[in-house]
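A.B. asks: Need a 3D model of the sequence below.
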Amino acid sequence: MKAKMLLAVSALAILSCQKKQTTSVQAEQNLSVSIAESTRPVTKNYYDSTGIYHNMMLDSALVYALNNRTRNGMQAYSIMMKVYQKYHPVDEALIQKAAPALLKSVSEMRSNPLENRDPKTPEYPFFAQLFQLISQAGRLGYDRFKADLELLKQQAAASETLTASAKERVLGTLSVAGSSAYRWLNLQTINMHLEFYIPFSPAQFTGGGIKAISADTRAYLEAREKGHSEHTARVLSAIASFKEFLDNLWPF
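C.D. replies: Have a look, this model is predicted:
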(Lines give C-alpha, C1' and ligand atoms only; values in the text may rest on other atoms or scores of the structure.)
Protein backbone atom coordinates (compact mmCIF):
# COMPACT_ATOMS: atom_id res chain seq x y z
CA MET A 1 0.00 0.00 0.00
CA LYS A 2 2.84 2.40 0.84
CA ALA A 3 4.44 1.69 -2.52
CA LYS A 4 1.18 2.49 -4.31
CA MET A 5 0.80 5.74 -2.43
CA LEU A 6 4.35 6.73 -3.42
CA LEU A 7 3.44 6.11 -7.04
CA ALA A 8 0.31 8.22 -6.67
CA VAL A 9 2.19 11.09 -5.01
CA SER A 10 4.86 11.12 -7.73
CA ALA A 11 2.22 11.12 -10.44
CA LEU A 12 0.51 14.02 -8.73
CA ALA A 13 3.71 16.06 -8.89
CA ILE A 14 3.69 15.79 -12.67
CA LEU A 15 -0.02 16.52 -12.95
CA SER A 16 0.28 19.68 -10.89
CA CYS A 17 2.37 21.23 -13.67
CA GLN A 18 -0.47 20.62 -16.13
CA LYS A 19 -3.33 21.91 -14.01
CA LYS A 20 -4.60 25.47 -14.12
CA GLN A 21 -2.98 28.07 -11.90
CA THR A 22 -6.20 28.36 -9.91
CA THR A 23 -6.12 24.73 -8.76
CA SER A 24 -6.27 24.62 -4.97
CA VAL A 25 -4.21 22.55 -2.55
CA GLN A 26 -7.36 20.68 -1.55
CA ALA A 27 -8.05 19.81 -5.20
CA GLU A 28 -4.55 18.34 -5.52
CA GLN A 29 -5.08 16.32 -2.35
CA ASN A 30 -8.31 14.96 -3.82
CA LEU A 31 -6.43 14.04 -6.99
CA SER A 32 -3.90 12.07 -4.97
CA VAL A 33 -6.67 10.10 -3.29
CA SER A 34 -8.45 9.44 -6.56
CA ILE A 35 -5.36 8.18 -8.36
CA ALA A 36 -4.58 5.91 -5.44
CA GLU A 37 -8.08 4.48 -5.73
CA SER A 38 -7.89 4.08 -9.50
CA THR A 39 -4.67 2.09 -9.24
CA ARG A 40 -6.20 -0.39 -6.81
CA PRO A 41 -5.46 -3.89 -8.15
CA VAL A 42 -8.01 -6.66 -8.53
CA THR A 43 -5.66 -9.19 -6.94
CA LYS A 44 -2.18 -9.21 -5.45
CA ASN A 45 0.47 -10.59 -7.77
CA TYR A 46 3.48 -9.34 -9.69
CA TYR A 47 1.56 -8.72 -12.89
CA ASP A 48 -0.87 -6.30 -11.25
CA SER A 49 1.73 -3.57 -11.66
CA THR A 50 0.73 -3.49 -15.34
CA GLY A 51 -2.81 -2.43 -14.48
CA ILE A 52 -1.65 -0.04 -11.77
CA TYR A 53 0.56 1.90 -14.16
CA HIS A 54 -2.18 1.78 -16.79
CA ASN A 55 -4.62 3.64 -14.55
CA MET A 56 -2.00 6.09 -13.35
CA MET A 57 -1.43 7.19 -16.94
CA LEU A 58 -5.11 7.11 -17.86
CA ASP A 59 -6.28 9.17 -14.89
CA SER A 60 -3.53 11.71 -15.49
CA ALA A 61 -4.84 12.27 -19.02
CA LEU A 62 -8.46 12.37 -17.87
CA VAL A 63 -7.72 15.03 -15.26
CA TYR A 64 -5.92 17.19 -17.82
CA ALA A 65 -8.59 16.81 -20.52
CA LEU A 66 -11.63 17.31 -18.29
CA ASN A 67 -10.30 20.16 -16.18
CA ASN A 68 -9.23 22.01 -19.33
CA ARG A 69 -12.19 20.84 -21.45
CA THR A 70 -9.86 19.95 -24.27
CA ARG A 71 -9.80 17.01 -26.65
CA ASN A 72 -6.14 17.54 -27.45
CA GLY A 73 -5.13 13.90 -27.60
CA MET A 74 -1.47 14.56 -28.33
CA GLN A 75 -1.06 16.66 -25.19
CA ALA A 76 -2.82 14.01 -23.13
CA TYR A 77 -0.58 11.29 -24.55
CA SER A 78 2.47 13.39 -23.69
CA ILE A 79 1.26 13.65 -20.10
CA MET A 80 0.84 9.87 -19.92
CA MET A 81 4.40 9.29 -21.06
CA LYS A 82 5.79 11.86 -18.61
CA VAL A 83 3.99 10.11 -15.77
CA TYR A 84 5.37 6.71 -16.79
CA GLN A 85 8.88 8.07 -17.33
CA LYS A 86 9.08 8.78 -13.62
CA TYR A 87 9.44 5.03 -13.08
CA HIS A 88 10.49 3.39 -16.33
CA PRO A 89 12.08 4.44 -19.63
CA VAL A 90 9.74 5.28 -22.50
CA ASP A 91 10.75 5.25 -26.16
CA GLU A 92 8.56 8.16 -27.28
CA ALA A 93 9.60 7.90 -30.93
CA LEU A 94 8.66 4.22 -31.02
CA ILE A 95 5.29 4.85 -29.38
CA GLN A 96 4.47 7.67 -31.79
CA LYS A 97 5.36 5.40 -34.69
CA ALA A 98 3.49 2.33 -33.41
CA ALA A 99 0.35 4.00 -32.05
CA PRO A 100 -1.52 4.83 -35.31
CA ALA A 101 -1.37 1.30 -36.73
CA LEU A 102 -2.17 -0.27 -33.36
CA LEU A 103 -5.18 1.99 -32.76
CA LYS A 104 -6.44 1.22 -36.27
CA SER A 105 -6.12 -2.51 -35.65
CA VAL A 106 -7.89 -2.24 -32.29
CA SER A 107 -10.75 -0.38 -33.93
CA GLU A 108 -11.09 -2.94 -36.71
CA MET A 109 -11.29 -5.81 -34.19
CA ARG A 110 -13.94 -4.07 -32.06
CA SER A 111 -16.76 -6.39 -33.14
CA ASN A 112 -14.65 -9.54 -32.85
CA PRO A 113 -11.69 -9.23 -30.46
CA LEU A 114 -10.77 -12.88 -31.00
CA GLU A 115 -10.44 -12.48 -34.76
CA ASN A 116 -7.35 -14.13 -36.26
CA ARG A 117 -6.62 -15.99 -33.03
CA ASP A 118 -5.87 -19.70 -33.18
CA PRO A 119 -8.34 -21.48 -30.85
CA LYS A 120 -5.87 -24.34 -30.50
CA THR A 121 -3.30 -22.29 -28.58
CA PRO A 122 -3.12 -22.67 -24.78
CA GLU A 123 -3.81 -18.93 -24.31
CA TYR A 124 -7.03 -18.91 -26.34
CA PRO A 125 -9.43 -20.17 -23.62
CA PHE A 126 -8.26 -17.45 -21.24
CA PHE A 127 -8.76 -14.67 -23.78
CA ALA A 128 -12.12 -16.10 -24.84
CA GLN A 129 -13.31 -16.06 -21.23
CA LEU A 130 -11.88 -12.60 -20.66
CA PHE A 131 -13.66 -10.93 -23.58
CA GLN A 132 -16.87 -12.69 -22.64
CA LEU A 133 -16.55 -11.21 -19.14
CA ILE A 134 -15.93 -7.77 -20.61
CA SER A 135 -19.00 -8.00 -22.84
CA GLN A 136 -21.15 -8.85 -19.79
CA ALA A 137 -19.55 -6.38 -17.38
CA GLY A 138 -22.10 -3.63 -17.93
CA ARG A 139 -24.97 -5.96 -17.08
CA LEU A 140 -23.34 -7.80 -14.19
CA GLY A 141 -21.51 -4.85 -12.61
CA TYR A 142 -17.96 -4.24 -11.45
CA ASP A 143 -18.02 -6.40 -8.32
CA ARG A 144 -19.09 -9.49 -10.25
CA PHE A 145 -16.57 -8.72 -12.99
CA LYS A 146 -13.81 -8.37 -10.39
CA ALA A 147 -14.68 -11.70 -8.76
CA ASP A 148 -14.82 -13.58 -12.06
CA LEU A 149 -11.58 -11.98 -13.25
CA GLU A 150 -9.87 -12.96 -10.00
CA LEU A 151 -10.79 -16.59 -10.62
CA LEU A 152 -9.48 -16.38 -14.18
CA LYS A 153 -6.20 -14.92 -12.91
CA GLN A 154 -5.79 -17.76 -10.46
CA GLN A 155 -6.41 -20.30 -13.20
CA ALA A 156 -3.86 -18.65 -15.48
CA ALA A 157 -1.26 -18.42 -12.73
CA ALA A 158 -1.68 -22.12 -11.94
CA SER A 159 -1.78 -23.26 -15.59
CA GLU A 160 0.75 -25.89 -16.59
CA THR A 161 -0.05 -25.57 -20.31
CA LEU A 162 1.04 -21.93 -20.68
CA THR A 163 4.68 -21.24 -21.43
CA ALA A 164 6.41 -18.62 -19.32
CA SER A 165 6.06 -15.97 -22.03
CA ALA A 166 2.42 -16.88 -22.70
CA LYS A 167 1.62 -16.71 -18.99
CA GLU A 168 3.20 -13.28 -18.83
CA ARG A 169 1.03 -12.06 -21.72
CA VAL A 170 -2.13 -13.56 -20.26
CA LEU A 171 -1.63 -12.24 -16.73
CA GLY A 172 -0.55 -8.83 -17.99
CA THR A 173 -3.64 -8.63 -20.20
CA LEU A 174 -5.90 -9.65 -17.31
CA SER A 175 -4.29 -6.98 -15.14
CA VAL A 176 -5.01 -4.26 -17.72
CA ALA A 177 -8.62 -5.45 -18.03
CA GLY A 178 -9.12 -5.39 -14.26
CA SER A 179 -7.77 -1.90 -13.71
CA SER A 180 -9.50 -0.56 -16.80
CA ALA A 181 -12.83 -1.96 -15.58
CA TYR A 182 -12.33 -0.29 -12.22
CA ARG A 183 -11.92 3.08 -13.92
CA TRP A 184 -14.63 2.85 -16.58
CA LEU A 185 -17.28 1.09 -14.49
CA ASN A 186 -16.74 3.66 -11.73
CA LEU A 187 -16.29 6.67 -13.98
CA GLN A 188 -18.20 8.96 -11.64
CA THR A 189 -15.32 8.78 -9.13
CA ILE A 190 -13.22 10.93 -11.45
CA ASN A 191 -15.27 13.84 -10.10
CA MET A 192 -13.32 13.59 -6.83
CA HIS A 193 -10.52 15.71 -8.24
CA LEU A 194 -12.13 17.73 -11.03
CA GLU A 195 -12.73 21.44 -10.71
CA PHE A 196 -16.42 20.94 -11.52
CA TYR A 197 -18.92 18.09 -11.35
CA ILE A 198 -19.69 16.04 -14.46
CA PRO A 199 -22.93 13.99 -14.31
CA PHE A 200 -21.80 10.94 -16.25
CA SER A 201 -24.82 8.82 -17.14
CA PRO A 202 -25.25 5.07 -16.50
CA ALA A 203 -25.53 4.59 -20.25
CA GLN A 204 -22.00 5.90 -20.61
CA PHE A 205 -20.69 3.39 -18.08
CA THR A 206 -22.24 0.43 -19.89
CA GLY A 207 -21.74 1.71 -23.43
CA GLY A 208 -18.57 3.67 -23.94
CA GLY A 209 -17.01 2.16 -20.83
CA ILE A 210 -17.23 -1.39 -22.15
CA LYS A 211 -15.70 -0.26 -25.44
CA ALA A 212 -12.82 1.36 -23.57
CA ILE A 213 -12.13 -1.74 -21.45
CA SER A 214 -12.06 -3.92 -24.54
CA ALA A 215 -9.91 -1.48 -26.51
CA ASP A 216 -7.08 -1.10 -24.03
CA THR A 217 -7.12 -4.82 -23.26
CA ARG A 218 -6.73 -5.61 -26.97
CA ALA A 219 -4.11 -2.88 -27.40
CA TYR A 220 -1.91 -4.28 -24.63
CA LEU A 221 -2.22 -7.83 -25.90
CA GLU A 222 -1.51 -6.93 -29.52
CA ALA A 223 1.47 -4.78 -28.54
CA ARG A 224 3.00 -7.65 -26.58
CA GLU A 225 2.35 -10.11 -29.39
CA LYS A 226 4.04 -7.76 -31.85
CA GLY A 227 7.18 -7.93 -29.73
CA HIS A 228 6.92 -4.58 -27.97
CA SER A 229 8.31 -4.37 -24.47
CA GLU A 230 6.13 -4.42 -21.38
CA HIS A 231 6.71 -0.68 -20.91
CA THR A 232 5.72 0.20 -24.47
CA ALA A 233 2.63 -2.01 -24.27
CA ARG A 234 1.51 -0.33 -21.06
CA VAL A 235 1.69 3.13 -22.60
CA LEU A 236 -0.01 2.04 -25.82
CA SER A 237 -2.89 0.44 -23.93
CA ALA A 238 -3.46 3.61 -21.90
CA ILE A 239 -3.47 5.64 -25.13
CA ALA A 240 -6.05 3.28 -26.65
CA SER A 241 -8.26 3.62 -23.60
CA PHE A 242 -8.10 7.41 -23.61
CA LYS A 243 -8.91 7.51 -27.34
CA GLU A 244 -12.08 5.53 -26.63
CA PHE A 245 -12.94 8.12 -24.00
CA LEU A 246 -12.59 10.92 -26.53
CA ASP A 247 -14.64 9.01 -29.11
CA ASN A 248 -17.41 7.64 -26.91
CA LEU A 249 -17.48 9.28 -23.47
CA TRP A 250 -16.59 12.92 -24.02
CA PRO A 251 -19.15 14.80 -21.85
CA PHE A 252 -18.99 18.30 -23.33
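
A.B. asks: The closest residue to Met81 other than its chain neighbours and Asn72, how far apart?
C.D. replies: Among residues not flanking Met81 along the chain, Val90 sits closest, at 4.9 Å (Cβ to Cβ, 6 or more residues apart in numbering). For glycine as for every other residue, the C-beta is placed from the backbone atoms N, C-alpha and C. Taking Cβ to Cβ, to the nearest Å as the measure, Val90 falls 19 Å from Asn72.

A.B. asks: which of the two has more neighbours?
C.D. replies: Val90 (20 against 12; other Cβ atoms under 10 Å).

A.B. asks: and that one, what helix or strand is that in?
C.D. replies: Assigned by DSSP states H and E, Val90 belongs to neither a helix nor a strand.

A.B. asks: That one against Ser78, yeah?
C.D. replies: No. Taking Cβ atoms under 8 Å as the definition, Val90 is not a contact partner of Ser78, at 10.6 Å.

A.B. asks: residue ranges of the helices in this protein, please?
C.D. replies: Taking DSSP state H as the test, the helices found in the chain are 2-18, 25-38, 48-68, 73-85, 92-108, 124-140, 142-158, 164-184, 202-206, 208-225, 230-248.

A.B. asks: show me where pLDDT drops low in the stretch 101-250 of the chain?
C.D. replies: 203-205 (pLDDT under 70).

A.B. asks: swap the cut-off to 50 and go again
C.D. replies: Within the stretch 101-250 of the chain, no stretch has pLDDT under 50.

A.B. asks: what's the closest non-adjacent residue to Ala223?
C.D. replies: Ala233 (3.7 Å).

A.B. asks: quick one: contacts for that neighbour?
C.D. replies: Taking Cβ atoms under 8 Å, 6 or more residues apart in numbering, we find Ala233 in contact with 172, 219-220, 223-224.

A.B. asks: For those, give me a markdown table that also has distance to Thr50 and neighbour count.
C.D. replies: Below are those laid out as a markdown table (distance: Cβ to Cβ, whole Å; neighbours: other Cβ atoms under 10 Å):
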| residue | distance to Thr50 | neighbour count |
| --- | --- | --- |
| Gly172 | 5 | 24 |
| Ala219 | 12 | 28 |
| Tyr220 | 7 | 33 |
| Ala223 | 11 | 25 |
| Arg224 | 10 | 23 |
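
A.B. asks: Among these, which pair sits farthest apart?
C.D. replies: Farthest pair in the contacts of Ala233 (Cβ to Cβ) is Gly172 and Ala219. Separation: 11.9 Å.

A.B. asks: just checking, Leu187 touches Pro251?
C.D. replies: No. Counting by Cβ under 8 Å, Pro251 is not a contact partner of Leu187; they are 9.7 Å apart.

A.B. asks: Those two - which one has more neighbours?
C.D. replies: Under the criterion of other Cβ under 10 Å, the comparison of Leu187 against Pro251 puts Leu187 first, with 21 against 12.
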